[in-house]
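Undergrad: Return a 3D structure for these sequence lines:
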Amino acid sequence: MRAGVVGQFAVVAAAWGSSFLFIKIGLGGLPPGQVVWARLVFGSLALAAIMLVTRQAVPREPRVWGHLTVVALLLCVVPFLLFAWAETRISSGLASIFNATTPLLTMAIGAVALASERLTRDRVLGLVLGFVGVVVIIGPWAGIDFGHDLLAQLACLGATFCYGCSFVYLRRFVAPLGLPAVSVAFGQVTIAAAIMLIATPWVASTPPRVDLPIVLSMLALGAVGTGLAYLLNVNVVRAWGAANASAVTYLSPVVGVALGVTVLGEPLTWNQPVGAALVILGIVASHGKLRTTRPVPAP
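TA: Numbers count the residues shown, from 1 in each chain. Here you go, the predicted model:
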C-alpha cells in the first residue's frame, strides 16, 4: 500500500469531514444560499485550474451539458442548499452523521433504477441496519417534535437522497459517455455555480457579514472540499478500487463530529454516535464484509 495514496485518502476524509464545520462557520455571517454560492464558485475555479493543469477538454455536445445540468441540480445545488439550511438548526456533527447514509440510499435507489444493482441479502441487511441507525439518531423515544430540529434532520436525509439519485443518474447516463472524471466534475460544478448566481436574489437576500474566518472557510469548502478532494479521490479509486476507496465514508462522520465537538463546542448525545455506528455497520454489511467463511478442509 503506497504511502502517497494513504496520504491522499486521509486528505479526502479530512476535507469531506470538515466541510460541515466550514459550512457552520460560514453561516455565522452568510445566509445558506450565499454559503452554497461561495462553495460552488470556489469549487468551480479550483476544478478549472485542475482542468488547465491536466489539459482536459471541456465537453462540447449539448446532450452532455443537458445531463450535467441534471447532475448539477441533484449532486450540488439542491443537497448543498438543504445541508446549509439544516445546519442553521442542527449541529455540524449531526449533519455529517446523516451524510454517512448516502451509500445506503444510493444502493436502495440503484436497486430500483438499475437492473444491474439487485438487492442481495447483504444489501438488505445493510439497509435494515442503516434504517435502524437513522431512527436511533433521530431519537423518537424522546417524543417527536415537528419543529426545526426534525425538519432539519429530514432535510439532511433529503440531501443524501439527492446524492443517491445523482450517483445513479451518473452511472446510467453519464458514465457511458466515457468523459474524463475531472471534465464531468468541472461541468456539473460550473453549471451549479451559474444556477446559484442566477438564483442569488431569491436565496441570498440577507446582507452578508464577512470576516477572515468566514472567507477562509468558504475557500477551504470550495477549493479543497469541492475541488482538490475530488481529484485526490479519483486517484485513490484508481489505486485501491472503488470498494476500498469507499471506506472514506466511514471516516468522514468521525472527522465531522470530532471537529464539531472540539472546535465549535457542539453537544453530543449518546444516540448520535450509536446511530452513526449502526449506519457505518450497515455500509460494511452491504459490502458483504460481515460474513464469515468456513475454512475448507485440506484434501
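Undergrad: Could you pull out the helices in the protein for me?
TA: Here the chain has its helices, by DSSP state H, at 3-26, 32-54, 62-71, 78-86, 92-99, 102-113, 121-138, 148-169, 181-203, 212-219, 229-240, 242-245, 248-263, 271-286.
Undergrad: angle of the fourth one against helix 102-113?
TA: Translated: helix 78-86. For helix 78-86 against helix 102-113, the angle by axes from the mean of the first three to the mean of the last three CA atoms, to 10 degrees is 140 degrees.
Undergrad: Tell me the helices and strands packed up against helix 78-86.
TA: helix 3-26, helix 32-54, helix 92-99, helix 148-169 (3 or more CB pairs under 8 Å, 6 or more residues apart in numbering; DSSP states H and E). Quick note: C-beta positions are derived from backbone N, CA and C, even for glycine.
Undergrad: hmm, try it at 7 Å
TA: helix 32-54, helix 148-169 (3 or more CB pairs under 7 Å, 6 or more residues apart in numbering; DSSP states H and E).
Undergrad: and the last one, what does it pack onto?
TA: With contacts defined as 3+ CB pairs under 7 Å, 6+ apart, the secondary structure elements packing on helix 148-169 are helix 62-71, helix 78-86, helix 92-99, helix 102-113.
Undergrad: quick one on the thing from earlier: tell me which of the helices and strands packed on helix 78-86 approaches S91 most closely.
TA: helix 148-169 (9.8 Å; CB to CB).
Undergrad: Just want the angle from the closest one to helix 121-138.
TA: Computed by the same axes, to 10 degrees, the angle separating helix 148-169 from helix 121-138 equals 160 degrees.
Undergrad: in helix 148-169, what's buried?
TA: Buried residues in helix 148-169, counted by 16 or more other CB atoms under 10 Å: 152-153, 155-169.
Undergrad: Quick one: distance of that helix to the chain centre.
TA: Centre-to-centre, helix 148-169 and its host chain are 10 Å apart (CA atoms, centre = their mean, to the nearest Å).
Undergrad: Next: stretch 109-117.
TA: Average the C-alpha atoms of stretch 109-117, do the same for its chain, and the two points are 20 Å apart (CA atoms, centre = their mean).
Undergrad: Can you list the buried residues in it?
TA: Within stretch 109-117, the residues scored as buried using 16+ other CB under 10 Å are 109-111, 117.
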